[in-house]
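Enquirer: requesting a structural model of the entry that follows:
(3 chains)
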Amino acid sequence: MPEGHTIHRLARSLRAAFAGEPVSVCSPQGRFADGAKKLDGATMNSAHAHGKHLFAEFDADRWLHVHLGLFGRFDVVEEPAGPVRGEVRLRMTSARAHADLRGPSACELLDPAAKEAITARLGPDPLRGDDPEPALNRIARSAAPIGILLMDQSVVAGVGNVYRAEVLFRAGVDPARPGRSVPVDVLQAIWADLVHLMTLGVRTGRIDTVRPEHEPAAMGRAPRSDDHGGEVYVYRRAGQACLVCGTPVSSGVAAARNTFWCPTCQR
DNA sequence: GCCATATGGAAAG
DNA sequence: TTTCCCTATGGCA
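Expert: Numbers count the residues shown, from 1 in each chain, chains lettered A, B, ... in the order given. You can find the predicted model right below:
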């Protein structure tokens, strides 16, 4: 499910499956019927991600914009399409592949100006090789909690609730700390760690953040797995022992999102 | 069947 | 800060 690494992976899958050839496009559910009709038979030239936004370019400067939101899925399969199952907003089909989009918060056709309006609102993306300075400067000047700032897509694009919790744990920083109270070298290290962790996520399709020396197996505990598919320090581990110090992991709600941290390791 | 839940974000108040 | 929207799934009557 969707943090930035998922969307970058998805863009790569779409390119591999469809780039350069005409595709059939339809909207079995009907809620993208007009857009699908306009795209049907067009060639997808490219696809890329910026943060959690997916953009696919079709002939004549038309951009398909998809945002998965909390529930969305976009399954790309390198096999001919079978019967539609469930609420499929968009189906793309070629002779050798198909892709089904369900539950997106956005699925729309944009012209270049409208696409630019969306990306202009996004901060730098650790997965695009962007210059982090705008993000680091904004955090360094803000009184808002760093846990909120990292989730703000206009500050950093692509970080979601899991990477937010995990990168702050790895940096030893309490999510409630004001951004401007965090030393600049720590902010730089957090950015470098996001690049590292999210790049790994693109490669593996899961979120793994636990260093080898803290892995449950290495500490005599059974491995654990969660819906995000990987091993993590604090995300959704409220009340369980911190993998490093054993203190029960804390949780709270900030900006309507569950937040997890170790009150001992993060200051 | 009903309810809670989820890695998101925009709009309304 | 609260409300609402998108979908599928698992637990429980």
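Enquirer: got the residue ranges for the helices in chain A?
Expert: Secondary structure of chain A (DSSP state H): helices at A:4-18, A:33-39, A:112-119, A:133-141, A:146-149, A:161-171, A:184-204.
Enquirer: hang on, residue A:199 packs against residue A:125?
Expert: No: Residue A:199 is beyond contact range of residue A:125, at 11.6 Å (criterion: Cβ atoms under 8 Å). Where C-beta positions appear, they are placed from N, C-alpha and C, glycine not excepted.
Enquirer: the stretch 51-200 of chain A against DNA strand B: which residues are in contact?
Expert: By Cβ under 7 Å from any atom of the strand, the part of the stretch 51-200 of chain A that sits against DNA strand B consists of A:51-52, A:67, A:69-71, A:105, A:151, A:153, A:160-162.
Enquirer: which PyMOL command selects the buried ones in these?
Expert: Buried residues within these, by 16 or more other Cβ atoms under 10 Å, are selected in PyMOL with:
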select buried, chain A and resi 51+52+67+151+153+160+161+162
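Enquirer: which one of the residues of the stretch 51-200 of chain A next to DNA strand B sits closest to DNA strand B?
Expert: Sorting those by how near they are to DNA strand B, with Cβ to the nearest atom of the strand, puts residue A:160 at the top with 2.6 Å.
Enquirer: residue in the stretch 151-267 of chain A nearest to DNA strand C?
Expert: Proximity to DNA strand C, evaluated over the stretch 151-267 of chain A using Cβ to the nearest atom of the strand, is greatest for residue A:256 at 4.7 Å.
Enquirer: go on, the stretch 1-150 of chain A?
Expert: Taking Cβ to the nearest atom of the strand as the measure, the point where the stretch 1-150 of chain A comes nearest DNA strand C is residue A:86, at 2.4 Å.
Enquirer: per-residue pLDDT of the closest residue to that residue other than its chain neighbours, please?
Expert: In space, not counting the residues next to it along the chain, residue A:86 is nearest to residue A:102; the distance is 6.0 Å by Cβ to Cβ, 6 or more residues apart in numbering. According to the prediction, residue A:102 has pLDDT 97.
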